[in-house]
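1. Need the 3D shape of this:
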Amino acid sequence: MTELKNLLIRRIESTGPITLADYIAECLMHPEHGYYQTEQVFGSEGDFTTAPEVSQMFGEMIGLWFADRWVKMGRPAAINLVELGPGRGTLMADILRATEPVEDFQDAIAVHFIEASQRLRQEQANRVPLASWHDSLSGVPEGPALIIANEFFDALPIHQFEKREGQWFERMVGSHEGELGFLLGPAGPKLALAQEGLKNAADGSIVEVCPAALSLTGDISEHLNMHGGAALIIDYGYRTPATGDSFQALQRHEYVDAFAEPGAADLTAHVNFPALKKAAEEKGLKGFGATTQGLFLMAIGLGARAQVLASHGDATQQQQILSDLQRLTAPDQMGTLFKVLALQPHELPAPPGF
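-> Numbering: from 1, shown residues only. Model (predicted):
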């Protein structure tokens, strides 16, 4: 039993069941026992592999996409390049390398990381030593911004609601005989965030809402509205509103019981892209997508980049590049599951890839 599990059981026994959102937040970001504070997260030695860890090509294409946005903005002399949840810093390192040939771009950008984990900050500094770190977007200086969030929104805490006999209840986390698990409680106020069409779902349906994602999207939108720029959100999730339980735990690249070892497994849920797009557009931004990752990457030139890299490699390297390309874009791998949403002010020309 993990130490965090003991703490959660004692808390629940003392004050009662907690929301799933509270449970996720504690499991991932508890200052001493949270997953992102203690675990080896990324890569083959960790619990999951993100697109930047699959291939340098991913970050290179994202970098060139942002360079295009900067040019279309009129090449401002100073702009913040912001990454939410930068992992090991791999994506940003690839972005910076790929954009070196873009005249004046490197001189214009200041790199900012939004990262709560002190352990990950140390690893990021090894790859991107000139970055500045912040706990939230509010710490980023004023000015135009290019913002990337790759596999960040899926880790934000969600609330779940279940319909029984025509009535909605909130799925809470309780304890029984030393084990944690779901129980139903009165529907909390966050149910109001669910899209209206979903509230008419049949008995047995589960609806998920993510207040933190909507709030963050609002913050991003306000920043871009005030200062200009563009944001790119890449994650796995829904292109149309849907019911269902997407809450899951990953450990060593395998799905595990989300309540067995709190703090020792990654907890995620699918991102509701229509809700994010609506939140941004309500703040006055223009949303593009969500499209699938495979279509987006191929549309902005990933296939051509793979050909260039393969032309300089031997047979083994060529096979690896092809394998990486398929993993990023194939429908049965990351290509369809992952979606891409772009946000920007209306006056900026439409972005490539959509």
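2. Send me the helix or strand A304 falls within as PDB with only the CA atoms.
-> Assigned by DSSP states H and E, A304 belongs to helix 302-311. Extracted in PDB, the C-alpha atoms of helix 302-311 (Å, rounded to 0.1, in the frame of the first residue of the first chain):
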ATOM      1  CA  LEU A 302       5.600  15.300 -41.700                       C
ATOM      2  CA  GLY A 303       5.700  12.900 -44.700                       C
ATOM      3  CA  ALA A 304       8.200  15.100 -46.600                       C
ATOM      4  CA  ARG A 305      10.300  15.500 -43.400                       C
ATOM      5  CA  ALA A 306      10.500  11.800 -43.000                       C
ATOM      6  CA  GLN A 307      11.600  11.300 -46.600                       C
ATOM      7  CA  VAL A 308      14.400  13.800 -46.100                       C
ATOM      8  CA  LEU A 309      15.600  12.100 -42.900                       C
ATOM      9  CA  ALA A 310      15.400   8.600 -44.500                       C
ATOM     10  CA  SER A 311      17.400   9.700 -47.500                       C
END
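3. packing partners for that helix?
-> Here helix 302-311 touches helix 56-72, helix 315-329, going by 3 or more C-beta pairs under 8 Å, 6 or more residues apart in numbering; DSSP states H and E. To be clear about C-beta, it is placed using only N, CA and C from the backbone, and glycine gets the same treatment.
4. lowest-pLDDT helix or strand in the protein?
-> helix 35-38 (a mean of 80; mean pLDDT, DSSP states H and E).
5. most packed of the helices and strands packed on helix 302-311?
-> helix 56-72 (a mean of 22; mean count of other C-beta atoms under 10 Å).
6. can you state the direction angle for the helix holding A304 and helix 56-72?
-> Relative orientation of helix 302-311 versus helix 56-72 (axes from the mean of the first three to the mean of the last three C-alpha atoms, to 10 degrees): 130 degrees.
7. Okay, buried residues for helix 302-311 please.
-> L302, R305, A306, L309, A310 (16 or more other C-beta atoms under 10 Å).
8. Which residues are in contact with the first one?
-> When you say that, I think you mean L302. Taking C-beta atoms under 8 Å, 6 or more residues apart in numbering as the contact definition, L302 lies against M57, F58, M61, L325, L328, T329.
9. quick revisit: between the helix holding A304 and helix 315-329, how many degrees?
-> 170 degrees.
10. chain center to helix 302-311, what's the gap?
-> 27 Å (C-alpha atoms, centre = their mean, to the nearest Å).
11. what's the answer for stretch 135-146, then?
-> 17 Å.
12. start to end distance for that stretch?
-> Taking C-alpha to C-alpha, to the nearest Å, stretch 135-146 runs 18 Å from one end to the other.
13. contacting residues around it?
-> With C-beta under 8 Å, 6+ apart, stretch 135-146 has contacts from 66, 69-70, 73, 76, 78-82, 84, 109-110, 112, 114, 116, 134, 216, 219-220, 223-224, 226-231.
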